[in-house]
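>>> Output the structure for:
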Amino acid sequence: QVQLVESGGGLVQAGESLRLSCVVSGRTFSNEAMGWFRQAPGKEHEFVAAISVNGGSTFYADSVKGRFTISRDNAKNTVYLQMNGLKSEDTAVYYCAADPDGSWSRLVDYAAWGQGTQVTVSS
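Presented below is the predicted three-dimensional model:
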């Protein structure tokens, strides 16, 4: 059974940090690129970051570049999103996604995604 389970969300003040984790099971994690997306209330899913199979290449949305860092540990089947300097506009449900086929910045191009973890940033 394929599972992507996100954790690490919560309520923080603006300027603080959070680290999200996503543990993947039922898939060959080490052979798949991974991505993070988010969805704020009333808005579409938004690409946040993506990382290649070996972690050598990373991609970020302009809105998070310089503040967020995506990384992975293939031995633990886990992808991370370190979020620093959080802003109120980062408030959203964050999802990890596996194995893009095509565009890495569109959630529909990924083979699987998790249930999400809520991040709320108060100003």
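>>> Grab the most central residue of the chain for me.
Most central in the chain under CA atoms, centre = their mean is Trp36, positioned 2.4 Å from the mean C-alpha point.
>>> quick one: it and Glu46 touch, right?
No: look at Trp36 against Glu46 with CB atoms under 8 Å: they stay out of range, at 9.9 Å. All C-beta atoms are positioned from the backbone trio N, CA, C, and that covers glycine.
>>> Mind telling me what element the residue nearest to the centre of the chain is part of?
For Trp36, the element it lies in under DSSP states H and E is strand 34-39.
>>> Tell me how far that strand lies from the chain's centre.
Here the centre of strand 34-39 is set off from its chain's centre by 4 Å, with CA atoms, centre = their mean, to the nearest Å.
>>> Stretch 78-93 now?
Here the centre of stretch 78-93 is set off from its chain's centre by 8 Å, with CA atoms, centre = their mean.
>>> swap in stretch 116-123?
For stretch 116-123, the distance to the chain centre is 13 Å (CA atoms, centre = their mean).
>>> mind listing what's buried in the strand holding Trp36?
For strand 34-39, a neighbour-count test (16 or more other CB atoms under 10 Å) marks 34-38 as buried.
>>> Among those, which one sits closest to Leu86?
Arg38 (12.0 Å; CB to CB).
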